[in-house]
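Chemist: The following comprises the amino acid sequence and a computationally predicted model.
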Amino acid sequence: MFSLSSRLRERLNAGAARSPHVRVEGQPPEMVREDFDRIAGLIEDPDAIDRWTELVIPQVPDGCDVLEVGCGIGALARRLAARARRVLAIDLSPRMVEVARRCSAGHDNLEVREADLMAWEAPGTFDAVVSIAAVHHLPFEVAVSRLAALVRPGGQLLVLDMFAARGLRELPYKVLFRFAGGRRHRRL
Ligand SMILES: C[S@@+](CC[C@H](N)C(=O)[O-])C[C@H]1O[C@@H](n2cnc3c(N)ncnc32)[C@H](O)[C@@H]1O
């Protein structure tokens, strides 16, 4: 995910103090769009990828057609374009799309489009559909069903996201997370 500047962290913390509704599943798209339009201008390294996202890259077969949903400024899409036949990357935020396009000049097999997964009419299906840290902004079941419908038969769906493990039943997730060296993020 993004490496956030200290300026952005300050702003998010200030926003969180005003509103408890920042970053919850099922936020209205206008709110998500507005947040990420603001964040797009504050990202320090446009090619930074965290180690969890790194794990996804080798799972995508070489030479295939890939869709990335919620591509942000396109760091992963550019990495995937190096091994895919073609990458189509979509994002809800016009500013994210603008930055992603600017940073992706010269990647001829990568196209970045502004689109809302929940309302998008896809041009077809893909060998692999990838989504990193976008689904938690959406109603989970509907979003994952939409993603799955975009995968061609026998293709791959790769979703990497986060959730807050609660209660005893979800304790094993917390333990696994600690063993895997995960860091807790502040709830905004
Ligand atoms: C936390 S960011 C993650 C960006 C990138 N995948 C990464 O890991 O750095 C979530 C991204 O999902 C996008 N997003 C949220 N809801 C979306 C939707 N309904 N359709 C498409 N993109 C969406 C946001 O605009 C934002 O760029």
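Modeler: Nice, I can see it.
Chemist: Residues of the protein that sit close to the ligand?
Modeler: Residues of the chain found near the ligand (Cβ under 6 Å from any ligand atom) are 1-2, 29, 32, 36, 53, 69-72, 90-93, 96, 116-118, 132-134, 137-138. Where C-beta positions appear, they are placed from N, C-alpha and C, glycine not excepted.
Chemist: Let's see which of those residues end up in strands.
Modeler: Assignment to strands by DSSP state E places the following of these there: 69, 90-91, 132.
Chemist: Which among the residues of the chain next to the ligand count as buried?
Modeler: When burial is judged by neighbour count using 16 or more other Cβ atoms under 10 Å, the buried members of the residues of the chain next to the ligand are 1-2, 32, 36, 53, 69-72, 90-93, 96, 117, 132-134, 137-138.
Chemist: Return the set of residues that bridge with the residue most central in space within the chain.
Modeler: The chain has Ile132 as the residue nearest its centroid, 3.4 Å off, counting by Cα atoms, centre = their mean. Ile132 has these beta-bridge partners by DSSP bridges: Leu160.
Chemist: where does this protein dip in pLDDT?
Modeler: Judged by pLDDT under 70, the chain has its weakly predicted residues at 1-26, 182-188.
Chemist: 80 instead, please
Modeler: Low-confidence segments of the chain, defined by pLDDT under 80, span residues 1-26, 163-165, 177, 180-188.
Chemist: Would you map the helices across it?
Modeler: Secondary structure of the chain, counting by DSSP state H: helices at 6-18, 29-40, 51-56, 75-81, 94-103, 140-149, 171-179.
Chemist: still on that earlier bit, closest one to the ligand out of the ones in strands among the residues of the chain next to the ligand, please.
Modeler: Ile132 (3.8 Å; Cβ to the nearest ligand atom).
Chemist: Return the residues in contact with that closest one.
Modeler: For Ile132, the contact set (Cβ atoms under 8 Å, 6 or more residues apart in numbering) comprises 1, 53, 56, 68, 70, 76, 159-161.
Chemist: would you turn the residues you listed into TSV with distance to Leu147?
Modeler: As requested, the contacts of Ile132 are exported to TSV (distance: Cβ to Cβ, whole Å):
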residue	distance to Leu147
Met1	18
Thr53	16
Val56	14
Glu68	11
Gly70	10
Leu76	15
Val159	7
Leu160	12
Asp161	11
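Chemist: Tell me the one of these nearest Leu168?
Modeler: Asp161 (22.4 Å; Cβ to Cβ).
Chemist: which residues does the closest residue in space to Gly155 that isn't next to it in sequence contact?
Modeler: Taking Cβ to Cβ, 6 or more residues apart in numbering, and ignoring the residues beside it in sequence, Gly155 has Asp127 as its nearest neighbour in space, at 4.7 Å. Under the criterion of Cβ under 8 Å, 6+ apart, the neighbours of Asp127 are 61, 64-66, 151-152, 155-156.
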